[in-house]
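K.L.:
structure of the sequence below:
(one chain, ligands or ions: 2)
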Amino acid sequence: MLLFYHDWLFRDRSIYIKICCSIFPLPPSLFVLYNQPMDIFKIKIDSIPRINQKYGEILKKINVFTVRDLLFHFPFRYEDYSERIEIDSLIGGQTATVMGEVSKSKLVRTWKKKMMITECYVSDETGSVRAVWFNQPYVSDSLTVGKGVRLSGKVLEDKNGFYFSNPAWELSSREPTNTGRLVPIYSETEGLTSKWIRWQMQNIFKLKLEIQDPIPTGILEELHLPSIKTALQYIHFPQSENQYLLAQKRFAFQNMLTIQLASLKVKMNWEKESSVAIPFNEKIIQKFTTALPFTLTNAQRKASFEILKDLEKTRPMNRLLNGDVGSGKTIVAALASLQASQAKFQTAIMAPTEVLARQHFENISKLFESYNISVGLLTNAYQEISNLKSMGDEKISKNKNRENFLEKIRTDKIDILIGTHALIQKDIKFKNLALVVIDEQHRFGVSQRAFLQQKIETINDGLPGKIPHLLTMTATPIPRTLTMAYFGNLDLSLLDEMPVGRKSIITKVIPPNKRNEVYDFVRKEVASGHQIFIIFPLVEESEKLAELKAATQEHERLSRDIFPELSLGLLHGKLKAKEKEQVMADFKSKKYDILVATSVVEVGIDIPNATVIIIEDADRFGLSQLHQFRGRVGRSQQQSYCFLLTSSNTVKSKSRLATMEKTNNGFEIAEADLKLRGPGEFLGVRQSGLPDIAMQHLGNVKLIEISRQKALKLLKNSPTLSKYPLLKKELEKFTTNVHLE
Ligand code: ADP
Ligand code: MG
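P.N.:
Ligands and ions are numbered 1, 2, ... in the order given. Next up is the predicted model:
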C-alpha cells in the first residue's frame, strides 16, 4: 500500500498529496499549498485514484495518456434513460427508467444448466415489474430483497406481463450514472466498457481540475458557444439533448478552428518561401497544343492557364488539380513541365507506383519527342532516359550506373525526371528543380504526403533559397466542401469536364445467377478484338496474402474452366516491378485477352483497347474506388462496360451500387460516397489522428467558413499565436498527431 503511494509521489505529486490529505489531514496551510487545481494536460491517467496500471495500459491503446485525453474521449451516442416512469404507467416497447425496491430476487439455473438467470421483481408505490438478467449471477448478489434500485431499458411484454431483459441497473443510493439519465455510450475496446468510463468520468469531475479554455472568450460569446468546462460537463453528463448538441458544436468548432489554423500556417509558411518565376511562353504552348491529336477541353484550358499563371510568380505554387479519371490531367502536367523546361528548369513528376511512373515516362517521352526535352525515369527498379538529343550523345535508353545517372540529374542533362518517391531520396540532387508534380496524390499515404511536402521544401538543388512550385493531382474527385476543410492550404483547379466523344461506360450490377451471362459477353467482346479486366477485391494490408491466393486461384479457374480458349494474364501486388511491367506490356500488346488483377490496377493504367471491366465482390469497395476501377475502360471511342459482381443483396448495398449504374460523373459519385461513408473513410484519414468530431464535420460548410474566418483573424492578430498560448499548445498537439497536406 505504501509502495503504491510512493509510486504516485513520482508520477504526480499533487494527487499524492491530495490523497494523503484525505487520509491524514494536513495542517491548513499545507493543504492550501497542495490543493491547487491540477493541470489536466499534465496528470497521467494512471495516477488517478482507481485507475490502476492495468487500466492505464488499456487506455493507452485508445490514445488516452493524460486526464485531458480521457476527458476528450467523447461519447459517440447517448441512450435516453432520463425519463422515469411509474411502474403502472409502463408501455410495451418504450425505453424507460423505473425506481423501486427489490421485492423478490432469485437465481435460477436453466434445465440444461447452461444458463444462470437472475430474476427480480422491483416495486414502487404503483406496482411491480419483473427484470431478468442472463449469465450475470453477480446481479443477484447485489439486488437482494429490500434494496432500492433503478432500472433502465426497453420494456418488453410476455404472457406474464411487462418485463425488462438485461436492463442497466444501479442501486438508487448511487447518483445516476448508468441509469436514469441520458447515458453516454463511448467507443469501447477490449477490457474497457462504457460503464467503466462513465464511472471514471464521474470521479474525475470530482477532482479539482484546472481546465483552461483555448478559445478566446470573445469568440465563444460571439458564437454563443459554451466554455470548455461547461462543454465537457454537457458532453459527458448532459441533462438534455440540447446540452450535448451544444457541446458537440463547440468541440466541432474547436477542432475545425485548429484544422484551419494548421492549414493556414502551412500556407503562410509555404508562401514565405520563394520560387523561380517561369515565364509564360505562349508560342511554345500554343505550338504544342495545336500539334496534339485532340483539342483540349475547356476545363483543361482553364486549369492549364491557372497553373501557367502561377508558375510566372515567385510565390511558390501549391495547387491541387482535381479531376475525374480520364479527364486528361497528364496533358495539363505536361504543359506545366514544358513551360519549365523551355525556361531551362527541371521538373520532377512523382507517381505512387512504378507501373504508373513507367507509363508516364512513356507518354511524356512521346509527347516531347520532337522537342529538345530529355525525360528520365528513376525508380528503385529503373533508371532510364529518353529523348537525349539535347546531349548530343548517342541515344541512351538504359543506364545501369546509378552514379552516372545521378550526375545527369545534377548537371541538367535530364529536364523532366519521372519516378516514384524514390525521386526525393537523399542522394539525388537536382541542378535547378523548379516544378514538382505529384500524381494520384490520394494514393500516397497521409503521412507520406506530409513528408513529401516537407521534403520538397528542403529539396537539394542548385537554386539556393528557392523551393519548387508544387502541383498535386488527384483522380478521386473531392467534393468542394471537403477540399475547403481538408486541403485549405491549397489552391484548386478543377477538371470537371470529359474530353468529347467519350462514350459513357455502361455499368450493371450482376447477381451471382447472372455470372455466366457476363462470361458469354466477355467471349463476344474478345471475339471482336477487345480486352477485359477482371478485378479482385481490395483487402487490408494484413490480408495481402489472401488476396494473392484468391486472385491466383481465380486466374487458374478462369483459364481452365471458363475461358480455356483465351489467354489470361495475372497482375498482383506481390510481383516485382519488372514483372508487373512485363504483364502490363504483354496486356497492352494483346498477348493476353484478359487481365486478372488485384487492386493494383486501380491507379491510372491506360489500356485503350480494354472495353470491359468486371469487379468481383464489388460491395467491398467504396464507390469512389469502383469509379477509379471503372476508369480503366472507356478510354477510347469504343463502347465500354463495367460489371459489378456481388452476392450481397441488402437494400443498402444494392442502392449503393445502383449509384454506379446511374452516373458516370466522378463528382456525383464522390458526393454519394461521402454521404455513405463519412469524410474520414472517404479521405482515407481514419488513421490520420483527426478527432471523430472533426471528421463528422469536415463537410459542414458553414462551420468551416466561420472557423477559417476566425483562424485568419487570430493569426493576423498574433502570427505565432503567442497571444493565445493555449491555442498554440492545442495546435502543437494537433500537428504532432495529425498530418495535413
Ligand atoms: P487522367 O486524368 O485520368 O490522368 P489521362 O491524362 O491519362 O487522364 O488521359 C486519359 C486519356 O485521354 C489519354 O489517353 C489522353 O491522351 C486522352 N486525352 C486527354 N485529353 C484529351 C482531350 N482533350 N481530348 C481527347 N482525349 C484526351
Ligand atoms: Mg492520370
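K.L.:
where does the stretch 251-400 of the chain have low pLDDT?
P.N.:
382, 387-400 (pLDDT under 70).
K.L.:
can you give me the strands in it?
P.N.:
318-323, 346-350, 375-378, 383-386 (DSSP state E, counting those that start in this stretch).
K.L.:
out of these, which is closest to residue 367?
P.N.:
strand 375-378 (9.1 Å; CB to CB). No exception for glycine: its C-beta is placed from N, CA and C like everyone else's.
K.L.:
by contact count, what packs against the host helix or strand of residue 205?
P.N.:
Residue 205 is part of helix 194-206 when elements are defined by DSSP states H and E. Packing contacts for helix 194-206, counted by 3 or more CB pairs under 8 Å, 6 or more residues apart in numbering; DSSP states H and E, involve helix 67-71, strand 182-185, helix 228-236.
K.L.:
distance to residue 640 and mean neighbour count for the strands of the stretch 251-400 of the chain - can I get that in CSV?
P.N.:
Converted to CSV, the strands of the stretch 251-400 of the chain look like this (distance: least, CB to CB, whole Å; neighbours: other CB atoms under 10 Å):
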stretch, distance to residue 640, mean neighbour count
strand 318-323, 19, 25
strand 346-350, 27, 27
strand 375-378, 29, 28
strand 383-386, 30, 21
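K.L.:
tabulate the ones you listed (JSON lines), appending distance to ligand 1.
P.N.:
JSON lines is the format used below for those (distance: least, CB to the nearest ligand atom, whole Å):
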{"stretch": "strand 318-323", "distance to ligand 1": "5"}
{"stretch": "strand 346-350", "distance to ligand 1": "12"}
{"stretch": "strand 375-378", "distance to ligand 1": "16"}
{"stretch": "strand 383-386", "distance to ligand 1": "18"}
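K.L.:
any chance of these in JSON lines, with distance to residue 369 too?
P.N.:
JSON lines is the format used below for the strands of the stretch 251-400 of the chain (distance: least, CB to CB, whole Å):
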{"stretch": "strand 318-323", "distance to residue 369": "24"}
{"stretch": "strand 346-350", "distance to residue 369": "17"}
{"stretch": "strand 375-378", "distance to residue 369": "10"}
{"stretch": "strand 383-386", "distance to residue 369": "9"}
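K.L.:
coming back round to it: how far is the helix or strand just after the helix holding residue 205 from where the chain is centred?
P.N.:
Sequence-wise, the next helix or strand downstream of helix 194-206 (DSSP H and E) is strand 209-210. Taking CA atoms, centre = their mean, to the nearest Å, one finds strand 209-210 lying 33 Å from the centre of the chain it belongs to.
K.L.:
repeat that for stretch 636-654.
P.N.:
Counting by CA atoms, centre = their mean, stretch 636-654 comes out at 25 Å from the chain centroid.
K.L.:
and for stretch 292-310?
P.N.:
The answer for stretch 292-310 is 31 Å, by CA atoms, centre = their mean.
K.L.:
stretch 711-722 too?
P.N.:
28 Å.
K.L.:
and it, end to end?
P.N.:
When the termini of stretch 711-722 are compared using CA to CA, to the nearest Å, they are 14 Å apart.
K.L.:
give me the contacts around it.
P.N.:
With contacts defined as CB atoms under 8 Å, 6 or more residues apart in numbering, stretch 711-722 is touched by 216, 257, 260-261, 264-265, 268, 723-724, 727-728, 731.
K.L.:
reformat these as TSV; add distance to ligand 1 and neighbour count.
P.N.:
Formatted as TSV, those follow (distance: CB to the nearest ligand atom, whole Å; neighbours: other CB atoms under 10 Å):
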residue	distance to ligand 1	neighbour count
216	44	16
257	35	25
260	30	25
261	33	26
264	29	18
265	31	19
268	31	12
723	45	12
724	42	19
727	40	21
728	41	16
731	35	20
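K.L.:
possible to save those residues as a markdown table with distance to residue 332?
P.N.:
Formatted as a markdown table, the contacts of stretch 711-722 follow (distance: CB to CB, whole Å):
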| residue | distance to residue 332 |
| --- | --- |
| 216 | 43 |
| 257 | 34 |
| 260 | 28 |
| 261 | 32 |
| 264 | 27 |
| 265 | 29 |
| 268 | 27 |
| 723 | 42 |
| 724 | 40 |
| 727 | 39 |
| 728 | 39 |
| 731 | 34 |
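K.L.:
any idea which of the residues you listed is the one closest to residue 568?
P.N.:
For these, the nearest to residue 568 is residue 260 (50.9 Å; CB to CB).
K.L.:
need the residues of the stretch 251-400 of the chain near ligand 1, please.
P.N.:
With CB under 6 Å from any ligand atom as the criterion, the stretch 251-400 of the chain meets ligand 1 at residues 294, 296-297, 300, 323, 325-331.
K.L.:
which of those residues are buried?
P.N.:
296-297, 300, 323, 325-331 (16 or more other CB atoms under 10 Å).
K.L.:
for the closest residue to residue 333 other than its chain neighbours, which three-state class applies?
P.N.:
Nearest non-adjacent residue to residue 333, counting by CB to CB, 6 or more residues apart in numbering: residue 437, 4.8 Å away. Under DSSP: H, G, I helix; E, B strand; the rest coil, the three-state class of residue 437 is strand.
K.L.:
right, and residue 437 touches residue 348 too?
P.N.:
Yes: counting by CB atoms under 8 Å, residue 348 is a contact partner of residue 437 at 7.2 Å.
K.L.:
what does the chain have sitting close to ligand 1?
P.N.:
294, 296-297, 300, 323, 325-331, 475, 499, 604, 606, 635.
K.L.:
need the helices and strands packed on helix 194-206 in a markdown table with mean neighbour count and mean pLDDT, can you?
P.N.:
Output for those, formatted as a markdown table (neighbours: other CB atoms under 10 Å; pLDDT from 0 to 100):
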| stretch | mean neighbour count | mean pLDDT |
| --- | --- | --- |
| helix 67-71 | 20 | 87 |
| strand 182-185 | 19 | 89 |
| helix 228-236 | 20 | 93 |
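K.L.:
save these as a markdown table, and put in distance to residue 523 too.
P.N.:
Listed next are these as a markdown table, based on distance: least, CB to CB, whole Å:
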| stretch | distance to residue 523 |
| --- | --- |
| helix 67-71 | 59 |
| strand 182-185 | 54 |
| helix 228-236 | 60 |
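K.L.:
out of the ones you listed, which is closest to residue 455?
P.N.:
When the helices and strands packed on helix 194-206 are compared (using CB to CB), the closest one is helix 67-71, at 30.9 Å.
K.L.:
so what touches the next helix or strand after that closest one?
P.N.:
Later in the chain than helix 67-71, the nearest helix or strand by DSSP H and E is strand 77-80. If you take CB under 8 Å, 6+ apart as the criterion, strand 77-80 is touched by 95, 152, 168, 182-185, 238, 241, 244.
K.L.:
now flag whichever of the residues you listed is closest to residue 222.
P.N.:
Here the nearest of those to residue 222, counting by CB to CB, is residue 244; it sits at 21.8 Å.
K.L.:
which strands or helices does the lengthiest strand in the chain pack on?
P.N.:
Selection of the longest strand in the chain by residue count, based on DSSP state E, yields strand 95-109. With contacts taken as 3+ CB pairs under 8 Å, 6+ apart, strand 95-109 sits against strand 116-124, strand 127-134, helix 138-142, strand 148-158.
K.L.:
if I look at the residue of the stretch 351-500 of the chain found nearest ligand 1, how far off is residue 288?
P.N.:
Residue nearest to ligand 1 within the stretch 351-500 of the chain: residue 499 (3.1 Å; CB to the nearest ligand atom). Distance from residue 499 to residue 288, counting by CB to CB, to the nearest Å: 17 Å.
K.L.:
look at those two and report which has more neighbours.
P.N.:
More crowded of residue 499 and residue 288, by other CB atoms under 10 Å: residue 288, with 20 against 17.
K.L.:
please name the nearest non-neighbouring residue to that one.
P.N.:
Per CB to CB, 6+ apart, closest to residue 288 is residue 338, 5.8 Å.
K.L.:
mind showing which ranges of the stretch 101-250 of the chain have poor pLDDT?
P.N.:
In the stretch 101-250 of the chain (pLDDT under 70), the answer is 113.
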